[in-house]
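1. sequence first, predicted coordinates after that:
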Amino acid sequence: MDDTPWYRPAALDGILADAAAQGFAMSCEDRTGSLLGTLAASQPGGQIVELGTGVGAGAAWLLHGMDSTARLTTVEMDPHSQAVAVRHLGEDPRVTFHNMNADRWLDGYDGPLLDLVYVDCRPGKFRRMGDLLTLMRPGGIYLVDDLMPQATWPADHQPRVDKFLEQLPGIPNFTSTALRWASGLVIGVRI
Ligand SMILES: C[S@@+](CC[C@H](N)C(=O)[O-])C[C@H]1O[C@@H](n2cnc3c(N)ncnc32)[C@H](O)[C@@H]1O
């Protein structure tokens, strides 16, 4: 089976070119992006959140899948990276960019319950996952990637990933599946 994605957001190649020019190498891979777009399409009118915008590759895939009434909030603490995303995606009225620490966003969010979250930084993933789940509606989808070993990981990262995976079965009101695919994913549902 060839699992190369068969669709591609129009903005993606420009985003990745700018990312390469500024040495940003943490964008999601295409298969993960395609899954993000597919999940976003399952949420017409959905409230979607990404923690860790990077340069906007994941956001481009999410926006590609979203309908005209869905909304994406994406949070990034590094203004230099997020500026690339704003440059390429900022004209889209469905997306709101927050330049802030995801911890602060988690502390302050008081909007509608979330339908889909893509967590790509430590808050909401390696810590404070419970805080994020309280912001999700029952049936809401949770996705994280980068769970299979990467050459760039610092020595202390594998134990962090192991701990994250070990605690998943015991989290109340949550069911999930680990996928040994792309960079290593967990897809879960708030129940
Ligand atoms: C893996 S990259 C994001 C890639 C992007 N989500 C994508 O799919 O293309 C992780 C990003 O999270 C940001 N980040 C790390 N810790 C953060 C925090 N506490 N709050 C907000 N952003 C954070 C980093 O600056 C980095 O740009």
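-> Perfect, thanks for sending it.
2. what pLDDT does the residue nearest to the spatial centre of the chain get?
-> When Cα atoms, centre = their mean is applied to the chain, the residue found nearest the centroid is residue 118 (2.7 Å). Looking at residue 118, its pLDDT is 99.
3. and the chain, which of its residues are near the ligand?
-> Listed as neighbours of the ligand in the chain under the rule Cβ under 6 Å from any ligand atom: 26-28, 50, 52-54, 57-58, 75-78, 81, 101-103, 120-123. In short, each C-beta sits where N, CA and C put it, glycine included.
4. and the closest residue to the residue nearest to the centre of the chain other than its chain neighbours, how many neighbours?
-> By the measure of Cβ to Cβ, 6 or more residues apart in numbering, the closest residue to residue 118 outside its immediate chain neighbours is residue 50, 4.6 Å from it. Number of residues near residue 50 (other Cβ atoms under 10 Å) recorded here: 29.
5. how far out from the middle of the chain is the helix or strand hosting residue 50?
-> Using DSSP states H and E, residue 50 sits within strand 47-51. Strand 47-51 has its C-alpha centroid displaced from the chain centroid by 7 Å (Cα atoms, centre = their mean, to the nearest Å).
6. mind saving the C-alpha coords of whichever helix or strand comes after that strand as PDB?
-> Moving toward the C-terminus from strand 47-51, the next helix or strand (DSSP H and E) is helix 57-65. Listed next in PDB are the C-alpha coordinates belonging to helix 57-65 (Å, rounded to 0.1, in the frame of the first residue of the first chain):
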ATOM      1  CA  ALA A  57       2.500  23.200   8.100                       C
ATOM      2  CA  GLY A  58       0.100  21.400  10.400                       C
ATOM      3  CA  ALA A  59      -2.200  24.400  10.400                       C
ATOM      4  CA  ALA A  60      -2.200  24.400   6.500                       C
ATOM      5  CA  TRP A  61      -3.300  20.700   6.600                       C
ATOM      6  CA  LEU A  62      -6.000  21.400   9.200                       C
ATOM      7  CA  LEU A  63      -7.400  24.400   7.200                       C
ATOM      8  CA  HIS A  64      -7.400  22.300   4.100                       C
ATOM      9  CA  GLY A  65      -9.800  19.900   5.700                       C
END
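7. hey, what's the angle from helix 57-65 to strand 47-51? Just curious.
-> Helix 57-65 runs at 170 degrees relative to strand 47-51, counting by axes from the mean of the first three to the mean of the last three Cα atoms, to 10 degrees.
8. output the contacting helices and strands for helix 57-65.
-> helix 12-21, helix 30-41, strand 47-51, strand 71-76, helix 79-89 (3 or more Cβ pairs under 8 Å, 6 or more residues apart in numbering; DSSP states H and E).
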